[in-house]
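*Asks:* The following block contains a protein sequence and its predicted model.
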Amino acid sequence: MLFLKSDVRITGMRPEILLAAVAAMRVYETAGHDFMITACVDGKHMTGSLHYAGAAIDVRTRDIAPADVQKLIAQIKTCLGGDFDVLLEVDHVHIEFQPKQALGV
């Protein structure tokens with residue numbers, strides 16, 4: 001099931017990161033885990049973070065065994081392909097839309 005942390009703001013999310021969230025949620029659900037978005041366009045992130053452009057989300061991992069988190073990340077990467085980065089940060093999975101080639105018009 002999809003949950004948003006109470007202070008998460010989603011206004012301004014890019015459609016690409018919304019698609020990524022849906023795909024990642026399905027991976028989490030298939031593995032038997034709830035999917036909690038803990039940050040989107042809100043929060044404090046490093047300068048230039050794609051969060052501020054609506055192109056990144058953070059997803060909770062605290063209730064998932066570390067080995068299972070790595071499996072989830074691998075599956076999400078497979079679903080999303082090369083235009084997305086899926087990284088384990090200290091206490092969450094960070095997913096961002098960052099095309100490796102310029103988008104065609």
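*Replies:* Arrived safely.

*Asks:* Direction included, what does the helix or strand of the chain with the lowest mean pLDDT pair up with?
*Replies:* Scoring the helices and strands of the chain by mean pLDDT, DSSP states H and E places strand 2-4 at the bottom, with a mean of 88. Partners of strand 2-4 in the sheet, by DSSP bridges, are strand 35-39 (parallel).

*Asks:* For Ile10, give me its contacts.
*Replies:* Ile10 makes contact with 4, 37, 40-41, according to C-beta atoms under 8 Å, 6 or more residues apart in numbering. C-betas here are computed from N, CA, C, even on glycine.

*Asks:* Three-state assignment for Val86, please.
*Replies:* strand (DSSP: H, G, I helix; E, B strand; the rest coil).

*Asks:* need the contact list for it.
*Replies:* By C-beta under 8 Å, 6+ apart, the neighbours of Val86 are 24, 73, 76-77, 80, 93-95.

*Asks:* Now intersect those with the strands, please.
*Replies:* 93-95 (DSSP state E).

*Asks:* As a check, name the ranges of all helices in the protein.
*Replies:* For the chain, the helices defined by DSSP state H cover 15-30, 66-80.

*Asks:* tell me how far the last one is from the chain's mean position?
*Replies:* Which is helix 66-80. Offset of helix 66-80 from its chain centre (C-alpha atoms, centre = their mean, to the nearest Å): 11 Å.

*Asks:* what does stretch 90-100 give?
*Replies:* The answer for stretch 90-100 is 6 Å, by C-alpha atoms, centre = their mean.

*Asks:* can you give me the end-to-end distance of it?
*Replies:* 25 Å (C-alpha to C-alpha, to the nearest Å).

*Asks:* For the closest residue to Glu89 other than its chain neighbours, grab the count of nearby residues.
*Replies:* In space, Glu89 comes closest to Asp58 once its chain neighbours are excluded; the distance is 7.4 Å by C-beta to C-beta, 6 or more residues apart in numbering. Per other C-beta atoms under 10 Å, the neighbour tally for Asp58 reads 23.

*Asks:* show me what contacts Asp58?
*Replies:* Taking C-beta under 8 Å, 6+ apart, one finds 37-40, 43, 51, 89, 92-95 in contact with Asp58.
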